[in-house]
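Engineer: Sequence and predicted model, in that order:
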Amino acid sequence: MNILIANDDGVFAPGIQALAHALKPLGRVVVVAPESERSGFSSALTLDRPLRPVQISEDVWAVNGTPADCVYLSMNGLFDFEFDLVVSGINSGANLGDDVLYSGTVGAAFEGRLMKHPAIAVSLSGSNVRSYEHPQAYAQAAKWVHDFIANGLPILPPRHIFNINIPDVKEIKGAQITYQGRRAQSKPITSHVDPRGRQVYWIGLAGEAVTEPQPASSHIQSDFFAVSNGYVSITPIQMDATNYAVLDDLHALVNG
């Protein structure tokens, strides 16, 4: 199996290094990642300048572009062979609920949506995961991803990917299939005046998870619920965001 690994934290981030090490027993592992952090770039492609892939070591490349650029290049001419699977991560921090709209980790995985196997976006959720002195958490998460792939990936419909969030806990309780939760409105922006007298703004922090009551008959919880209770969250997400349930009503309304 040929496995492509990308991320949005940069080619030297601890998460991608742990993931590459853990997946090598499964086949050829090639890392193609941004040369520096590109968080929040979603599925953006660079169209206004050329991209420059630089080989750092055997099967490790850095690109002066976005996470999606890295996967796009890898699948469209950078190599003379094809990949069977794209794994994006391990992201330093969760990608839960509405985060998937902005996440470069998820964006890179979506570029691999046409692979032989469903692409995977992997994030590590916890308060300490952004520390480069916290390698054991990434190693544990990478081992979980290895086992998930080695045991045989579940089949998804075309153009779907897995969004996986792994809690930073001493012992993972297990895994849950989850739906994408929701966040409350983001925290307000903060404004400052820079040393040259110009007004600048910082984007506010993401909103908290919204608690949604579940029907008594349902056993599927949100991704927030799973991770907060020590479980790996596995959420199937799709490229097609059409709301088919309202198409007929809207058609009748517009053409009425």
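Structural biologist: Great, that's in hand.

Engineer: from memory Arg52 sits against Trp61, does it?
Structural biologist: No. Contact between Arg52 and Trp61 fails when scored by CB atoms under 8 Å: they sit 10.2 Å apart. Heads up, the C-betas are built off the backbone N, CA and C, glycines and all.

Engineer: The two - which one has more neighbours?
Structural biologist: Each of Arg52 and Trp61 has its neighbours counted (other CB atoms under 10 Å); Trp61 has more, 21 against 10.

Engineer: Is that one in a helix, a strand, or coil?
Structural biologist: Going by DSSP: H, G, I helix; E, B strand; the rest coil, the secondary structure assigned to Trp61 is strand.

Engineer: wait, isn't it in contact with Ala20?
Structural biologist: No. Taking contacts as CB under 8 Å, Trp61 lies outside contact range of Ala20: 11.9 Å.

Engineer: which residues do the two both contact?
Structural biologist: Common contacts of Trp61 and Ala20, defined by CB atoms under 8 Å, 6 or more residues apart in numbering, comprise Val31.

Engineer: Tell me who's in contact with the residue lying closest to Phe110 once chain neighbours are set aside.
Structural biologist: Once flanking residues are discounted, Phe110 sits nearest to Ser43: 5.6 Å by CB to CB, 6 or more residues apart in numbering. For Ser43, the contact set (CB under 8 Å, 6+ apart) comprises Ala68, Gly107, Phe110, Glu111.

Engineer: Now go through those and say which are in helices.
Structural biologist: Ala68, Gly107, Phe110, Glu111 (DSSP state H).

Engineer: Got phi/psi on the nearest residue to the second one once chain neighbours are set aside?
Structural biologist: Yep, that's Gly107 we're talking about. Distances taken as CB to CB, 6+ apart place Ser43 nearest to Gly107, at 3.8 Å, with adjacent residues excluded. Main-chain torsions, Ser43, degrees, to the nearest 10: phi -100, psi 20.
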